Each structure stands twice: as structure tokens, then as C-alpha cells.
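J.: Okay, structure incoming, though there's no sequence with it:
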Ligand SMILES: [Zn+2]
Ligand SMILES: [Zn+2]
């Protein structure tokens, strides 16, 4: 795990289609084994048995045998938070208890959560707007696992899941978007309402019920039954460019109508990041968000998108603590975070 | 004054909420006040939607009330209160109660997506045909007759092949 601390996953590269606004694309599949109860109803023993079985099969299957496996019961809370900040596991998986694990690849494109709400949660994350590519990869992984594991499936209801909101395809396709201008112009709620009517939901970056920090939002399908995987992807695929277009329009409007204020806002944020001696995680995300928009609009030219995207993750609490090699109080973290950001952005002389 | 939401930070934002005849003062810190205005906090999560739906759909509650899954022992009422199923069998055991719930939740109760190969060639083809029919409907609606014709041919091809396969299957079983 150590080699993860100082680098970031492939999905943060800042490349791929629409990458000025779309940060990453993620698809996950929920799967359960036919011969076991769902986890909320299973005994500790069954839970252990499921974990062992899936762990062993992951080691056998062609597309998952090279993944690195971590038993979450054996690592510290900071390590679990670290994996969550990395989006390799969900918040629930980081916080849960009992035998459970995660397998992930070197590039962090693929991860498989074992014993989350369902026995298996397979996910693929790609940089930029790459739903089809992500689907191709995850579909193949699912096929190789299906050869080894007996999935709970019914012709009527599809892949059976612990929560009926996931039944059918068991698929959630989500796209993480950076929407600062829609936030600034107070149009974001309109987007949420419109998107809701199309059967999509908006979430914060770490999933259900989490806040939108740094103007980052996840747009994903709400329905999983009655539509094929391809149809679901088509819906998300048709909506995301429209939201991106709306964000670009809002940016353009800000540039023409409130250019001074916008430039002031962007440069103040940049300046703050370069001089601050203490930065909280939320403030950092908020400032980075403004700077990121500034780079997209060509107002700032001396910093790469990759560095900015990386800073969103590397300044999170567990990442900082891992880099420092020790647990830190919030105040200590704020000092170290500010120093780290100054170092990465080039200190104000 | 301490913030009434987190009880930690100093309350610097003072709001007056009026609902009906009631007036309510709220004293919050900067951070908690922001959360109130955060549109995401107001967005229901799928779990919220589920629990509100479960309460809306009350089919044959008398009949379903006595139903218990023979495999895991979960009762339908327990499912209703917790919103989580106990085992794959529950989908069969609670079918009567679940179907209207799924209809409300997903706008459908028939799976049309991927089928694991273990479930059999036949079902895979059946689902593909089902999907192609929907695409055919869409193509006709859009008056894209060229595409419609192609889809129709493909559906015909799949349906006839499937019949043949079924026969092969029985022959093999007899052996
Ligand atoms: Zn507070
Ligand atoms: Zn059951």
C-alpha cells in the first residue's frame, strides 16, 4: 500500500473527452452469490466464508488475479479513510465492520469491494468522459468472475441485490463533473431538478448523502431495472454533455458580464493557496475549484490540470497523514496542508 | 452562543424560518449554515426514496404480513421496516409485495439487461430479442425505417435460431 501514498490513480490524469468539466467516469456492478444470504442477514461465519471464497476466486480469474487484495479488518482506520479518499472503497465500506476487503489494480482503474452492502461491488473508474470504455472493461471482468462464482440471478428481476434500488442490472454509471460556474450563478438547483426528471440523481463526490465540496458532483442513473446497461449508459451519455454545455455557458456569461469579479475571484483563490499558512480540507477544495476554472478559462497558465486534479486528492486528511507517516490533529494537518500546497504551486516570492 | 447544529463552533449566522404560523430562530455556525443551503443535502438518497415508497405501496398487506422467506426467515414486515432483503430467495417469496414497489421505484419490474451465461443461451437470446424489440419501437417512432428493417431481420434471425437451439438442447439431454 505504501507505494500508493505519493502518487494518484489513472483517473486523475485530467485527460479524456470533456476533461475540462468531466473529471472521471465510474461504473459499478452489484453482485451477490446465489447460495448465501445477503450480508445484513448472514452470520459472522457466513460472512467470513463469503470473503474467503470471493478472495480465492479473485486470485483465480484471469482479469482479477493480478489485483492487490487488502483485508479491511486488518488495516488501520486511517488506511481505510485513505482508500476511501482514493475512491477505491465507499464510505460505508471504510466505516463498516466484520470481514471484508478490497482488490484493486496498479493503475487504480479497477477495484472490487468484497462484503460491502452486496457480496461484490465491482467498479471501474476512468479519467474524463469514457462510459463506453468503462463498460467494456467492467463487462469483461464481470464475465470472468461469473465463470468462477455462482451469481444470484433471476430472469424476471435480473441480478438480485440486498437493496431493491439496485436490482436488475445492479449497475450505477456515474460521471464526476466540476461545475463551479453553475454554482456561482445559482443555476445548479435547476440542473438538479432537470436531471431528476430524466431518471438521474446528483450526489457529492463520495457517494450517497455526501456534500458537494469543491463544486464536484456525481451524476448517475437512479433506475437499475427495466433498462439494459447500454440504455442506461445512453441516458447518462446524453445528459452529461448538456450539463457540461450549460456550465460552459455559465462560464462564458461570467467572462463577458462579470469578468473583473471572476478574474479577481480566481486570482485571489490562487494567491490564497500560495500564501496561506493554514488550510482546512474544505477551504482547499473550494480554492482549488476556482483555480481549476481559471485554468480552463485561460486566466491562469502556469499550472497543469494534472497537478490541480492531484491536489484535490493529495490534500485530503488521510493522504496528508500517510505522507507525513503519522496521525495528525486537525490543526497540525491544516499547517502541513498549507505548506504542501505552497510547495506544489510554487511559493509566492 | 454555540451553534445549535454541531454544538461545537460559535454561532455566527442567525436565521428566522417561518413555516405556517410558526416562527423559528436558528443559530448556526458558518459551516452548518452552508450545509442548509447546500442543494445536495436536500436531495433524497435512493435509500430515502425507498423508505418513502415502501410506505406508499401497501399491496395486500394483510396477506403479505404473514409471509416469511423459507430460506432466511426474513418476514415481509421486517423488509418493509428495514428496506433491505435477507437473501436472493426473498425476491420470489415476496414477489407479490415487491413487484408494485419495483414498478414505482424503477418504472418497470422486468429485467432486460445482461444475463449471466450460466442462466442459459436461451434466456440470453430472449433478452436480446426483448431489447431489440424496444429499439425497433423507437426506430419506428422516429420513422427510421431503414434501421427498423435491420432490427426486424435480426429479431427474426435470433428467434428462429433460438428455436433450433432449444431442439438441440433436448436432443443432448436425451442422450
Ligand atoms: Zn455548527
Ligand atoms: Zn430470504
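T.: Perfect, thanks for sending it. All values reported here derive from a predicted model rather than from experimental measurement. Ligands and ions are numbered 1, 2, ... in the order given.
J.: for chain B, what are the low-confidence residue spans?
T.: Low-confidence segments of chain B (pLDDT under 70): B:17-23, B:34-62, B:119, B:161-175.
J.: What distance do you get for the residue nearest the centre of it to ligand 2?
T.: Closest residue to the average C-alpha location of chain B: residue B:106 at 4.4 Å, with Cα atoms, centre = their mean. Distance of residue B:106 to ligand 2, given as Cβ to the ion, to the nearest Å: 21 Å. C-beta coordinates here come from the backbone N, C-alpha and C atoms, glycine included.
J.: Just give me the neighbour total for whichever residue of the stretch 1-150 of chain A sits closest to ligand 1.
T.: Residue nearest to ligand 1 within the stretch 1-150 of chain A (Cβ to the ion): residue A:91, separated by 20.8 Å. By other Cβ atoms under 10 Å in any protein chain shown, 15 other residues sit near residue A:91.
J.: hang on, the earlier thing: excluding covalently adjacent residues, which one is nearest to the residue nearest to the centre of chain B?
T.: residue A:225 (3.9 Å; Cβ to Cβ, 6 or more residues apart in numbering or on different chains).
J.: ok, now residue A:233?
T.: residue A:131 (5.0 Å).
J.: Would you check that the one you found makes contact with residue A:175?
T.: Yes - with contacts counted by Cβ atoms under 8 Å, residue A:131 reaches residue A:175, the gap being 7.3 Å.
J.: Which one's more surrounded, these two?
T.: A side-by-side neighbour count of residue A:131 and residue A:175, using other Cβ under 10 Å, places residue A:175 first with 28 against 21.
J.: Now the helix or strand the more buried one falls within: average pLDDT?
T.: Taking DSSP states H and E as the criterion, residue A:175 maps to strand A:171-178. The average pLDDT within strand A:171-178 is 95.
J.: Kindly report the same for stretch A:38-55.
T.: Across stretch A:38-55, pLDDT averages out at 95.
J.: can you check stretch A:87-104 too?
T.: Taken as a whole, stretch A:87-104 has an average pLDDT of 92.
J.: Check the offset of that stretch from the chain's centre.
T.: Centre-to-centre, stretch A:87-104 and its host chain are 14 Å apart (Cα atoms, centre = their mean, to the nearest Å).
J.: Need the distance between the two termini of it.
T.: 11 Å (Cα to Cα, to the nearest Å).
J.: Please enumerate residues in contact with it?
T.: A:9, A:11, A:26, A:39, A:44, A:47-48, A:51, A:55, A:58, A:64, A:67-73, A:80-81, A:83-84, A:108, A:110-117, A:121, A:125, A:205-207, A:210 (Cβ atoms under 8 Å, 6 or more residues apart in numbering or on different chains).
J.: what about residue 88, which SS state?
T.: Went with chain A since none was named. State at residue A:88, reduced to three classes by DSSP: H, G, I helix; E, B strand; the rest coil: coil.
J.: how about the nearest residue to it, chain neighbours excluded?
T.: Using Cβ to Cβ, 6+ apart, the nearest residue to residue A:88 is residue A:111, at 4.6 Å.
J.: Looks like the one you found contacts residue A:123 (just checking).
T.: Yes - if you go by Cβ under 8 Å, residue A:111 and residue A:123 touch, sitting 5.3 Å apart.
J.: Strands of chain B, start to end?
T.: Taking DSSP state E as the criterion, chain B contains strands spanning B:13-19, B:22-28.
J.: same deal with chain A?
T.: A:22-31, A:68-71, A:101-104, A:110-114, A:120-127, A:153-154, A:158-159, A:171-178, A:200-203, A:216-221.
J.: Same list, these, but as JSON lines with distance to ligand 2 please.
T.: Output for the strands of chain A, formatted as JSON lines (distance: least, Cβ to the ion, whole Å):
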{"stretch": "strand A:22-31", "distance to ligand 2": "17"}
{"stretch": "strand A:68-71", "distance to ligand 2": "28"}
{"stretch": "strand A:101-104", "distance to ligand 2": "25"}
{"stretch": "strand A:110-114", "distance to ligand 2": "21"}
{"stretch": "strand A:120-127", "distance to ligand 2": "19"}
{"stretch": "strand A:153-154", "distance to ligand 2": "13"}
{"stretch": "strand A:158-159", "distance to ligand 2": "16"}
{"stretch": "strand A:171-178", "distance to ligand 2": "23"}
{"stretch": "strand A:200-203", "distance to ligand 2": "28"}
{"stretch": "strand A:216-221", "distance to ligand 2": "27"}
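J.: Show me which residues of stretch A:270-284 are buried.
T.: Of the residues in stretch A:270-284, A:270, A:272, A:273, A:274, A:276, A:279, A:280, A:281, A:283, A:284 count as buried by neighbour count, 16 or more other Cβ atoms under 10 Å in any protein chain shown.
J.: Would you state the helices of the chain in chain order?
T.: In the absence of a named chain, chain A is used. For chain A, applying DSSP state H gives helices covering A:44-60, A:77-85, A:91-95, A:131-148, A:180-184, A:188-197, A:229-257, A:259-275, A:281-296, A:305-314, A:317-324, A:330-345.
J.: should've been chain B
T.: B:30-37, B:39-42, B:46-56, B:61-65, B:76-82, B:90-93, B:95-106, B:121-141, B:145-174.
J.: roughly how far apart are the closest residue in space to residue A:342 that isn't next to it in sequence and residue A:259?
T.: Of all residues not flanking residue A:342 in the chain, residue A:274 sits nearest, at 6.1 Å (Cβ to Cβ, 6+ apart). For residue A:274, the distance to residue A:259 equals 22 Å [Cβ to Cβ, to the nearest Å].
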